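Undergrad: When you get a sec, could you give me coordinates for this:
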Amino acid sequence: MADRDYKDQEDIFSKVVRAGRRTYFFDVRSTKADDYYLTITESKKFTNDDGSFHFKKHKIYLYKEDFAEFESTLAEMTQYIIKEKGDEVISERHQADYDPAAHAPKETPTSSDNEESKKSFTDISFDDI
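TA: All right, here's what the predicted structure looks like:
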């Protein structure tokens, strides 16, 4: 039983995406039946008035039977947003520490860049996880 308790806490495979004050954790975990599922956790850092900080976390549990519909809907929604509003992040301009030079358009990729770096967010497949 002790081995099972430890395995419940163990991440099988993990990736982290840092995005400003937010961090996203993608963790493959194991069920009691020893099948896998995915947790997606958003962690956002908040600073208190005294300088200390705390994190607020929100978690989604995603099971294999929902992968296809989730992936399809996520791709549809992200493509819709980019089509309607482009990929520029307008809200960053309203942050006090916004630096326009840091957000200037980058050079276009050269043919020597690898194909993996050319993937957009919506090109990611759950097979990649």
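Undergrad: Show me which helix or strand of this protein is least confident by mean pLDDT.
TA: helix 2-9 (a mean of 50; mean pLDDT, DSSP states H and E).
Undergrad: just checking, next helix/strand downstream of that one?
TA: Going down the chain from helix 2-9, the next helix or strand is strand 13-19, by DSSP states H and E.
Undergrad: what's the average pLDDT for that next one?
TA: Here strand 13-19 scores 95 as its mean pLDDT.
Undergrad: now the protein, which segments are flagged as low pLDDT?
TA: Low-confidence segments of the chain, defined by pLDDT under 70, span residues 1-10, 91-129.
Undergrad: repeat that with 90
TA: Low-confidence segments of the chain (pLDDT under 90): 1-11, 19-21, 45-49, 51-54, 87-129.
Undergrad: For stretch 17-26, list the C-alpha coordinates in CSV.
TA: The C-alpha coordinates for stretch 17-26 follow below in CSV (Å, rounded to 0.1, in the frame of the first residue of the first chain):
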residue,chain,number,x,y,z
VAL,A,17,5.4,26.6,-19.4
ARG,A,18,6.3,30.0,-17.9
ALA,A,19,4.3,33.0,-19.0
GLY,A,20,5.0,36.1,-17.0
ARG,A,21,3.4,35.9,-13.5
ARG,A,22,1.7,32.6,-14.6
THR,A,23,3.2,29.2,-14.8
TYR,A,24,1.4,26.2,-16.4
PHE,A,25,2.3,22.7,-15.3
PHE,A,26,1.4,19.8,-17.5
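Undergrad: Flag every buried residue along that stretch.
TA: Of all the residues in stretch 17-26, those buried under the rule 16 or more other C-beta atoms under 10 Å are 23, 25, 26. From N, CA and C alone the C-beta is placed, and that goes for glycine too.
Undergrad: helices or strands up against the longest helix seen in the chain?
TA: When the chain is parsed with DSSP state H, its longest helix is helix 67-85. If you count contacts as 3 or more C-beta pairs under 8 Å, 6 or more residues apart in numbering; DSSP states H and E, helix 67-85 packs onto no helix or strand.
Undergrad: Having no further points to raise, I will conclude here.
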